[in-house]
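>>> pasting a predicted model and its sequence here:
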Amino acid sequence: MKGKKIPVLGLGTGGHAKVVVEAIQAAGGYRIVGMLDPKKELWNTYFLGAPVLGGDELLTELYQKKLRHVFIGMGSSLDLTVRKKIYDKAIQHGFQVIAVIHPKAIISSSCHMKQAPSIMAAAVLDPGVCLGVNVLVNVGSYIGHDSVIGDHVHVAPHVALGSAVCIGDCSFIGLGAIIRPGVHIGSNTVIGMGAVVTKDIPDKVVVAGVPAKIIREN
């Protein structure tokens, strides 16, 4: 039937999931039929009108019931691989992780995005930007032209990446951070809130400050 919305299941019911749900509703095309969350106290409650059905153990059963599409409601976490773990689990069960693109995001026609991007309201992606798998670009962030963002990266709200910035897989760029053009950020690295990064940063470290310095291994 033309115009019929595709049923979709949400994975995670944290604060970021509220932002994702509203982006899905604004974009249209999907109907949220339920949420999964490991916290048992949330089961049989409702999340923004959608029933919390249970935990991830229901994925097999829901797939057998012909549900095929999911979205990831998890944003930041102390475990930088958590978005990757959720994505991988969904794929292993046969689900398609949908792209969530808010209609008020500004994305160049020459931007290349791999599977399952999440681009929130007022984000700006310049020409030549390349996003890996399952990248989250949060509210109001800017990614300069020809930047390359690795798989499962989370760019927090109001981050500014200069041109030709490269970010490795599973890294987290904190709220309001600024990264100088041409800088390379390693994998599994945390850029702290408000940091100003002026030089390359290796894998598996946490940096903070103005200018940003390594404060510990991650």
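Structure's in. What do you need? Residues are numbered from 1 along each chain as shown.
>>> please count neighbours and contacts with C-alpha atoms only from this point.
Will do.
>>> wait, Val207 touches Asn188, no?
No. Contact criterion C-alpha atoms under 8 Å: Val207 and Asn188 do not qualify, at 11.8 Å.
>>> and the two? Which one has more around it.
Counted by other C-alpha atoms under 10 Å, Val207 and Asn188 do not tie: Val207 has more neighbours, with 25 against 22.
>>> mind checking which helix or strand that one is in?
Assigned by DSSP states H and E, Val207 belongs to strand 205-208.
>>> which helix of this structure spans the most residues?
helix 15-27 (DSSP state H).
>>> quick one on the thing from earlier: same for the strand holding Val207, what does it pack against?
strand 190-191, strand 213-217 (3 or more C-alpha pairs under 8 Å, 6 or more residues apart in numbering; DSSP states H and E).
>>> and the last one, what does it pack against?
Meaning strand 213-217. Secondary-structure packing of strand 213-217 (3+ C-alpha pairs under 8 Å, 6+ apart): strand 205-208.
>>> tell me how far the strand it packs on lies from the chain's centre.
Averaging C-alpha positions (C-alpha atoms, centre = their mean, to the nearest Å) puts strand 205-208 20 Å from its chain's average.
>>> restricting to C-alpha, output that strand in CSV.
Coordinates of each C-alpha in strand 205-208 appear next as CSV, following Å, rounded to 0.1, in the frame of the first residue of the first chain:
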residue,chain,number,x,y,z
VAL,A,205,43.6,7.9,24.9
VAL,A,206,41.6,10.6,26.6
VAL,A,207,42.4,14.2,25.8
ALA,A,208,41.1,17.4,27.3
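>>> perfect, that will be all.
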